[in-house]
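1. Using only what follows, build the 3D model:
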Amino acid sequence: MDRYKVVIVDDDDVSLENLSFNLANDARFSLEETAKTGKQGKKVITKVQPDLLFLDVELPDMTGMDLLQDMRDTITWDMKVVFYTAYDKYMIQAIRESAFDYLLKPFEEQDLKDILTRFMDRIETRFRGQIPLGIPIQAGQAFIVFTPTNDMRALRPGEIGFFRYCSDRKQWEVVLNNQAPLALRRGMTADQIIQCSSSFVQIHQSYIINIDYLMIIKDNKCMLYPPFDRVTELIVSKKFKKELQDRFCL
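-> Alright, predicted model coming up:
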């Protein structure tokens, strides 16, 4: 059985030893490496790509929240973060930083067991639904996407006008019918989006449209049917124009 990779970033020797000891007794998890500073932690996290990270809030050179913020464009795999600290004043901030859970020092064994059980429940729920971690799947007419906070969202092609890539955030977002745009998880590629539905067609490095809403291409711009008829940004690049014409006889 494959074991889930764990990394601990904590400068407290006693806390680090206690947590390491308890994790070693659970055959489902493999403690790969530990680090005692944020700088070391970044290297270890990038190298190991853990499934589960126990992260101290207060490190010698930075806070745990700063570490996650600095790595937000680097972490493209599914990693659950458990903030590990003696100070519960950080609870609200941990939640805002999308922590999977929160473990107070010194911890009770049952508290750790509850976290690990919740982690396994989340994994098993995805496997039962045959949902690969972090990858959209098709399920009939609906399909599943993951948001930056690792929440799952079910979408139907009819809700979607187009996708656009936000270069400043390095992630795709989906523009929906009468809803605010929905950011998708970093690491999701254009190819993965296109595989979700045959209606999704790439027209530009930064745009994928729902072909069912396409009304006309004028001056190398896609004009869509309502409710997306006011959109004027959908430029068709040379790279994708011929493919679009050939495929749809435009």
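
2. Quick check: Asp73 vs Tyr213, distance?
-> According to CB to CB, to the nearest Å, Asp73 stands 31 Å off from Tyr213. No exception for glycine: its C-beta is placed from N, CA and C like everyone else's.

3. the more surrounded of those two?
-> Regarding Asp73 and Tyr213, a neighbour count based on other CB atoms under 10 Å identifies Tyr213 as having more, with 22 against 12.

4. Tell me the pLDDT of that one.
-> Per-residue pLDDT puts Tyr213 at 88.

5. ok, Tyr84 to Leu67 distance?
-> Distance from Tyr84 to Leu67, by CB to CB: 13 Å.

6. for Leu16, same thing?
-> Computed with CB to CB, the distance linking Leu16 and Leu67 is 16 Å.

7. if we can go back for a sec, quick one: common contacting residues for Tyr84 and Leu67?
-> Leu55 (CB atoms under 8 Å, 6 or more residues apart in numbering).

8. Between Leu16 and Leu67, tell me which one has more neighbours.
-> Leu67 (24 against 19).

9. residues contacting that one?
-> Applying CB under 8 Å, 6+ apart, we find Leu67 in contact with Val9, Gly38, Gly41, Lys42, Leu55, Leu59.

10. For burial, what's the neighbour tally of the last one?
-> Okay, so that is Leu59. Neighbours of Leu59 (other CB under 10 Å): 22.

11. now do the one 4 residues further on
-> The criterion is other CB under 10 Å. On that basis, Thr63 has 18 neighbouring residues.

12. Surely it touches Gln69?
-> No: contact criterion CB atoms under 8 Å: Thr63 and Gln69 do not qualify, at 9.1 Å.

13. Output the lowest mean pLDDT helix or strand found in the chain.
-> strand 137-139 (a mean of 38; mean pLDDT, DSSP states H and E).
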